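A.B. asks: Predicted model follows, preceded by the sequence.
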Amino acid sequence: MTRVWRPGRMAALAVTLALPLALAACTSAPPALYTIAPVQGAEQQGGPRVILLQQIGLARYLERSQIVRSSENYRLDVMQNDWWGEPLGAMVGRVLVDELGQRLPQSVVLNENGAVSSPADATIELSLRRLDEDAAGNLVLTAQAAVTFKTRPTPALRSFRFTVPPPAPGVPGEVAAISGAIGQLADGLAPMLLAGPSAQ
């Protein structure tokens, strides 16, 4: 018996065969996830008993899952498949709490968004203005900080700018440089905390 192929049946067969190929073409690899690592610094004696790091303010262009490679030449270079493993502001805050706690072992450093709370002897407000590579390929961090002590209502203000050459090419090198720059930021915040009243 001879089977007659009708045009409608041929079209349905073509769609059935093409669908898996189309789905395979649309499926992309999962993004690579990155995190910042704490950097050790010099331990210093003294400082407020309880330090509270408030939620970090980020420049709006940094508020995304994708890692920003550069903001040079009026253009954002965003890595589509290289993402942060957690929101950037929360991650920077978590790392700074660890780094400040290591640098100021006589202080307890708390995160405003953490599960543990206590009345603070000093409060840190931090605004991260830039965190990406410049035209020369160096990581640039710029930030503004305010430290307020419970017994001194007028905050101490300071601006920071750090330039860190990536130790390796690509996104892994940029993330390593970001870790180094956040460590330098912790080094700069520690003296601001030591300059205020100390509860022994």
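C.D. replies: Perfect, thanks for sending it. Numbers count the residues shown, from 1 in each chain.
A.B. asks: okay, which residue is most central for this structure?
C.D. replies: When the chain is reduced to its mean C-alpha position, the closest residue under Cα atoms, centre = their mean turns out to be residue 88, at 3.3 Å.
A.B. asks: contacting residues for it?
C.D. replies: Contacts for residue 88 (Cβ atoms under 8 Å, 6 or more residues apart in numbering) come out as 58, 62-63, 131. The way it works is simple: take the backbone N, C-alpha and C, and place the C-beta from them, glycine included.
A.B. asks: Need these in a markdown table (columns: secondary structure).
C.D. replies: Shown next, in a markdown table, are the contacts of residue 88 (DSSP: H, G, I helix; E, B strand; the rest coil):
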| residue | secondary structure |
| --- | --- |
| 58 | strand |
| 62 | helix |
| 63 | coil |
| 131 | strand |
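A.B. asks: what's the farthest-apart pair in those residues?
C.D. replies: 63 and 131 (11.3 Å; Cβ to Cβ).
A.B. asks: So between the two, which is more surrounded?
C.D. replies: Between residue 63 and residue 131, counting by other Cβ atoms under 10 Å, residue 131 is the more crowded of the two (25 against 11).
A.B. asks: where's the strand or helix carrying residue 101 relative to the chain centroid, distance-wise?
C.D. replies: Assigned by DSSP states H and E, residue 101 belongs to helix 88-103. How far helix 88-103 lies from its chain's middle: 10 Å, per Cα atoms, centre = their mean, to the nearest Å.
A.B. asks: same thing with stretch 146-155?
C.D. replies: On Cα atoms, centre = their mean, the centre of stretch 146-155 falls 26 Å from that of its chain.
A.B. asks: first vs last residue of it, how far apart are they?
C.D. replies: Criterion Cα to Cα, to the nearest Å; first-to-last residue distance in stretch 146-155 is 6 Å.
A.B. asks: what does it contact?
C.D. replies: Contacts for stretch 146-155 (Cβ under 8 Å, 6+ apart): 48, 119-126, 156-157, 189, 192-193, 196-197.
A.B. asks: Tell me the most packed of those residues, by neighbour count.
C.D. replies: Neighbour max across the contacts of stretch 146-155 (other Cβ under 10 Å) = residue 122, 27 neighbours.
A.B. asks: Run a quick check on it versus residue 52, I expect a contact.
C.D. replies: Yes: proximity of residue 122 to residue 52 meets the contact threshold set by Cβ atoms under 8 Å, at 7.3 Å.
A.B. asks: Quick one: distance of the biggest helix by length in the chain to the chain centre.
C.D. replies: Criterion DSSP state H: the longest helix present in the chain is helix 170-194. In terms of Cα atoms, centre = their mean, the centre of helix 170-194 is found 11 Å from the chain centre.
A.B. asks: which strands and helices sit next to that helix?
C.D. replies: strand 32-34, strand 66-70, helix 88-103, strand 122-133, strand 139-149, strand 152-164 (3 or more Cβ pairs under 8 Å, 6 or more residues apart in numbering; DSSP states H and E).
A.B. asks: Residue 81 is nearest to which of these?
C.D. replies: strand 32-34 (6.5 Å).
A.B. asks: Tell me the strands beside the helix or strand just after the closest one, with direction?
C.D. replies: Moving toward the C-terminus from strand 32-34, the next helix or strand (DSSP H and E) is strand 50-53. Strand 50-53 pairs in its sheet with strand 108-111 (parallel), strand 122-133 (parallel), by DSSP bridges.
A.B. asks: Appreciated, that's everything.
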